[in-house]
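[1] Could you work out the structure for the sequence below:
(one chain, ligands or ions: 2)
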Amino acid sequence: MSDPKHPSDVTREQAEEAIRTLLRWAGDDPGREGLLDTPHRVVKAYRDWFSGYGEDPAAYLERTFEEVEGYDEMVVLRDIAFESHCEHHMAPIIGRAHVGYLPDRRVVGISKLARVVDGYARRFQVQEKLTAQIAHCIEVTLMPRGVAVVIEASHECMTTRGVHKRGVSMVTSQMRGTFREDARTRGEFLRFIGIDRGHA
Ligand SMILES: Nc1nc2c(ncn2[C@@H]2O[C@H](COP(=O)(O)OP(=O)(O)OP(=O)(O)O)[C@@H](O)[C@H]2O)c(=O)[nH]1
Ligand SMILES: [Zn+2]
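    Ligands and ions are numbered 1, 2, ... in the order given. Alright, predicted model coming up:
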């Protein structure tokens, strides 16, 4: 398999064989008509769900605009929908990320913050790690006065299996720089994203 963006030495044939094994292990027959193309489809789906391994999210923040005349307040991108997978069960994590930063001269094209979220989400994740990776990436590349990341997500490993608690969501946050040090800045961010009861 020669895909320069795919950072693995496993061939497509090997990956498809692994899917056939799982189908057999679940109790079905990978040779029956309805399942014949399934390993191919699953491998294709994995390319989509786990495309983050072929990306360097920091690269999205390289292009910045210096000095956006007269603007020195926080920039917030809220409700960034994402899909990820938990590293414990390989089950989907479906959620929304809210990202804010206080620019120090450099601002970034706003879509790039969503690309950073996806670049880390499309990997096997733990929500705390995902939250920290996004905050760290923005912090070290843009060097802003502060960064805030809040993620709300539901974990299918606890809604569709295990404890089976539907409707539960996990909330994580990372506050860096001014957002950590100054309660008013943090409060303003939480108000912007609509989580300001009992969090500030
Ligand atoms: N902190 C944290 N825990 C997670 C995340 N995703 C899944 N988990 C939890 O990881 C834990 C793994 O626990 P284990 O006891 O090893 O696995 P398990 O036997 O399948 O546990 P149950 O899910 O309780 O059935 C579970 O409690 C999951 O709910 C995450 O992003 N962050
Ligand atoms: Zn899980």
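[2] and the protein, which residues reach ligand 1?
    Residues of the chain lying near ligand 1 by Cβ under 6 Å from any ligand atom: 86, 88, 126-128, 155, 157-158, 162-163. Just so you know, the C-beta spots here come from the backbone N, C-alpha and C atoms, and that holds for glycine as well.
[3] shouldn't residue 64 be in contact with residue 106?
    Yes - taking contacts as Cβ atoms under 8 Å, residue 64 lies within contact range of residue 106: 4.1 Å.
[4] What's the ChimeraX line that selects buried ones from the residues of the chain next to ligand 1?
    In ChimeraX, this line selects whichever of the residues of the chain next to ligand 1 come out buried by 16 or more other Cβ atoms under 10 Å:
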select :86,127,155,157,158
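[5] about what we covered before: any shared contact partners between residue 64 and residue 106?
    Common contacts of residue 64 and residue 106, defined by Cβ atoms under 8 Å, 6 or more residues apart in numbering, comprise residue 142.
[6] and this protein, what are its domains?
    12-49, 65-193 (automatic domain parsing).
[7] any idea how far the shortest one is from the chain center?
    In terms of Cα atoms, centre = their mean, to the nearest Å, the gap separating the centre of domain 12-49 from the centre of its chain is 25 Å.
[8] For it, measure first residue to last.
    15 Å (Cα to Cα, to the nearest Å).
[9] Now it: buried residues?
    For domain 12-49, a neighbour-count test (16+ other Cβ under 10 Å) marks 15-16, 19-20, 23, 30, 35, 38-39, 42-43, 47, 49 as buried.
[10] Including pLDDT and secondary structure, could those residues go into CSV?
    As requested, these are exported to CSV (pLDDT from 0 to 100; DSSP: H, G, I helix; E, B strand; the rest coil):
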residue, pLDDT, secondary structure
15, 98, helix
16, 98, helix
19, 98, helix
20, 98, helix
23, 98, helix
30, 98, coil
35, 98, helix
38, 98, helix
39, 98, helix
42, 98, helix
43, 98, helix
47, 96, helix
49, 98, helix
